[in-house]
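> Fold the following for me, if possible:
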Amino acid sequence: MVDFARASEIIASQCALVRVRRASRALTRLYDEALRPSGLQATQLTMLVAVATCGDGGVKLGALADGLVMDRTTLTRNLAPLERAGLLRVARAPDDARVRLIFLTRQGERAIEAAFPLWERTQKHVRERLGPSEADALREELGRVVALAARPETSERPAKAPARGRPARPAKRKAKRRSPEAR
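Residues are numbered from 1 along each chain as shown. This next block holds a predicted model:
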């Protein structure tokens, strides 16, 4: 029988994933609190800034998802409140109606301008508390982790799972052609 308390203790003390998630939640809480006067959360500011860096031509939803290391469904769900607030505009691409483009609005630009000093103050606080060299080392290591996770070994990838709620399709068989005489 598994000793769940012991397993939990081992995982919490040794698992990089648990430590990264805990650190992520702690930093998110810190930045969210600092950004509260702007009305934005840290994740929302990150999305707005990512769209802003893409310029006036907007950015494709898929490219934004890849850049933010998010799946498209989660990104779409997180963009919805920003669109409702008028900070972003989502439109169909003129050359392909299947493609959605994300644009930053003028109101979105103002939201970034209001939130950035709050973010910058918090960033300075974190950097001072960690120490400049430790903060730089952490940023570099986390960049390596993201790159590692973004490019898993192709030989270890599991087969693609069927979409939720849909059964897997059976493989199509080639129909045997009968000769004209057999028809």
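
> which residues of this protein fall in strands?
Secondary structure of the chain (DSSP state E): strands located at 59-60, 88-93, 96-104.

> could you redo those strands as CSV and give each row mean pLDDT, mean neighbour count and distance to residue 143?
The C-beta positions use only the backbone N, C-alpha and C, and glycine is treated the same way. Listed next are these as CSV, based on pLDDT from 0 to 100; neighbours: other CB atoms under 10 Å; distance: least, CB to CB, whole Å:
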stretch, mean pLDDT, mean neighbour count, distance to residue 143
strand 59-60, 96, 18, 21
strand 88-93, 95, 15, 26
strand 96-104, 94, 16, 24
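
> Now render these as JSON lines, adding distance to residue 146.
As requested, these are exported to JSON lines (distance: least, CB to CB, whole Å):
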{"stretch": "strand 59-60", "distance to residue 146": "19"}
{"stretch": "strand 88-93", "distance to residue 146": "24"}
{"stretch": "strand 96-104", "distance to residue 146": "21"}
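
> for those strands, which one sits closest to residue 49?
Closest of the strands of the chain to residue 49 is strand 96-104, at 9.1 Å (criterion: CB to CB).

> Could you check the angle the closest one makes with strand 88-93?
Angle, strand 96-104 to strand 88-93, by axes from the mean of the first three to the mean of the last three CA atoms, to 10 degrees: 160 degrees.

> Pull up the pairing partners for strand 96-104, direction included.
Within its sheet, strand 96-104 is paired with strand 59-60 (antiparallel), strand 88-93 (antiparallel), according to DSSP bridges.

> Counting by contacts, list what the longest helix along the chain packs against.
Longest helix in the chain by number of residues, with DSSP state H as the criterion: helix 106-130. If you count contacts as 3 or more CB pairs under 8 Å, 6 or more residues apart in numbering; DSSP states H and E, helix 106-130 packs onto helix 16-35, helix 42-52, helix 132-150.
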